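J.: here you go, sequence then predicted model.
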Amino acid sequence: MPKTAEAFAPAKINLCLHVTGRREDGYHLLDSLVVFADVGDRITATLADSMSLRVDGPMAGSVPVGPDNLVLRAATLFEPPIDAAITLTKNLPAAAGVGGGSSDAAACLRALSELSGRALPGPDRLLGLGADVPACVAAEPLRMQGIGEKITPWPSLPPLWVVLVNPRVLVSTPAVFKRLERRDNPPMQIPAEDAGIDTFVQWLAVQRNDMQSAACQIEPVITDVLTALSKTPGCALARMSGSGATCFGLFYDAKSAEQAQATIASKNGGWWCQSAAILK
Ligand SMILES: C[C@@](CO)(OP(=O)(O)O)[C@H](O)COP(=O)(O)OP(=O)(O)OC[C@H]1O[C@@H](n2ccc(N)nc2=O)[C@H](O)[C@@H]1O
Ligand SMILES: Nc1ncnc2c1ncn2[C@@H]1O[C@H](COP(=O)(O)OP(=O)(O)O)[C@@H](O)[C@H]1O
């Protein structure tokens, strides 16, 4: 039997995303609390004589199947190459601020590492795939700084659930960065350690996503998503993730999140709505 490995590619959520500066090469300096949800894509890799990629799942149509797919780009980081037949089951919307491509790349690296017994590529090579890839390889609650390369594990997170809502508009990350009015915003404040859930959510509410306003100007429907989320019972906070267009509502329990998802989905047939737990 050929050896097979499976890896989960969780949705990435920027609970807050502060843009604090810009480097000379144009990349932006970020300060973000990044977490992962128990919804995402899936990678299955089987050792084979040559490298191949098959994409299935509800969002398969929205990603490239050739060498531009971040899964195949990630696989090339191993030298010498590890040949495998890879299947990507694409459940997350692409170019949506939930890091699907970066998380797929990270999951592919984990699966190939397991199959071959070889170490994961170093941090510089991960960053070369995309600014979100180092965070997605860590795949645990973390503070992300620099342009994405500085990763610090987040010490403790209260139990939280989210509803992720994407109005099915594509938002270009460079276009949102370009439209920012300010690039020198204050960094995250640091909350008290082991704060209870109320203190944590109050703290989070005064942090920001500095890309949200620019993204809403490009795609005003994002404002509708935020309004719909914030009106659902039990929603403690509604905010955009990454450069959008996906927004999240934050909930204290699974049931409230599931009800909010059902309510929003029933009123907005074309939107992608998913309730999930935040992984600790
Ligand atoms: C904004 C964030 C926040 O987590 O999330 P997404 O909206 O992509 O999910 C990420 O920084 C995105 O990471 P990722 O999508 O991997 O970015 P990359 O492919 O490396 O970069 C896409 C483009 O975004 C801009 N970019 C990206 C990261 C950064 N720190 N500064 C930038 O200015 C650059 O113009 C770059 O060409
Ligand atoms: N496996 C993949 N999944 C999603 N997008 C991918 C993938 N491979 C390449 N891409 C391309 O990468 C870009 C960013 O995708 P994604 O990581 O989903 O967005 P975001 O960074 O906004 O969360 C998209 O334009 C998409 O075409």
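T.: Yep, that arrived. Ligands and ions are numbered 1, 2, ... in the order given.
J.: got the CA positions of stretch 36-54 in PDB?
T.: Extracted C-alpha coordinates of stretch 36-54, given in PDB (Å, rounded to 0.1, in the frame of the first residue of the first chain):
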ATOM      1  CA  PHE A  36      -7.700  29.300  13.400                       C
ATOM      2  CA  ALA A  37     -11.100  27.700  13.100                       C
ATOM      3  CA  ASP A  38     -12.300  24.100  12.900                       C
ATOM      4  CA  VAL A  39     -13.500  24.600   9.400                       C
ATOM      5  CA  GLY A  40     -11.100  24.500   6.400                       C
ATOM      6  CA  ASP A  41      -9.700  22.600   3.500                       C
ATOM      7  CA  ARG A  42      -8.100  19.200   3.500                       C
ATOM      8  CA  ILE A  43      -5.000  17.800   1.900                       C
ATOM      9  CA  THR A  44      -4.500  14.100   1.100                       C
ATOM     10  CA  ALA A  45      -1.100  13.100  -0.200                       C
ATOM     11  CA  THR A  46       0.100   9.700  -1.400                       C
ATOM     12  CA  LEU A  47       3.700   8.900  -2.400                       C
ATOM     13  CA  ALA A  48       3.800   8.400  -6.200                       C
ATOM     14  CA  ASP A  49       6.200   8.300  -9.100                       C
ATOM     15  CA  SER A  50       5.400  11.900 -10.100                       C
ATOM     16  CA  MET A  51       3.800  15.000  -8.600                       C
ATOM     17  CA  SER A  52       0.100  15.700  -9.300                       C
ATOM     18  CA  LEU A  53      -2.700  17.800  -7.900                       C
ATOM     19  CA  ARG A  54      -6.400  17.100  -8.100                       C
END
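J.: right, and residue 249 touches residue 257 too?
T.: Yes - Residue 249 lies in contact with residue 257 (C-beta atoms under 8 Å); the separation is 7.5 Å. Yep, even glycine has a C-beta here, placed from its N, CA and C like the rest.
J.: give me the more crowded residue out of the two.
T.: The neighbour comparison of residue 249 against residue 257 (other C-beta atoms under 10 Å) goes to residue 249, with 29 against 26.
J.: grab the nearest non-local neighbour of that one.
T.: With sequence-adjacent residues excluded and distances taken as C-beta to C-beta, 6 or more residues apart in numbering, residue 249 is closest to residue 229, at 3.7 Å.
J.: please apply the same query to residue 88.
T.: In space, and not counting its chain neighbours, residue 88 is closest to residue 55: 4.8 Å by C-beta to C-beta, 6+ apart.
J.: now do the contacts for the one you found.
T.: 63, 65, 69, 87-90 (C-beta atoms under 8 Å, 6 or more residues apart in numbering).
J.: can you give me phi and psi for whichever residue of the chain sits closest to ligand 2?
T.: Ligand 2 sits closest to residue 101 of the chain, with a gap of 2.9 Å, by C-beta to the nearest ligand atom. Per-residue torsions, residue 101: phi -60, psi -40 (degrees, to the nearest 10).
J.: number of nearby residues for residue 180?
T.: Neighbour tally, residue 180, other C-beta under 10 Å: 16.
J.: for it, give me the pLDDT.
T.: At residue 180, the model reports a pLDDT of 98.
J.: surely it is in contact with residue 210?
T.: Yes - using C-beta under 8 Å, residue 180 is in contact with residue 210, at 6.9 Å.
J.: what is in contact with these two at once?
T.: Common neighbours of residue 180 and residue 210 (criterion: C-beta under 8 Å, 6+ apart): residue 19.
J.: in the stretch 51-200 of the chain, what residue lies closest to ligand 1?
T.: residue 130 (2.8 Å).
J.: now the helices for the stretch 1-150 of the chain?
T.: Applying DSSP state H, counting those that start in this stretch to the stretch 1-150 of the chain gives helices spanning 70-75, 100-116, 123-129, 133-138.
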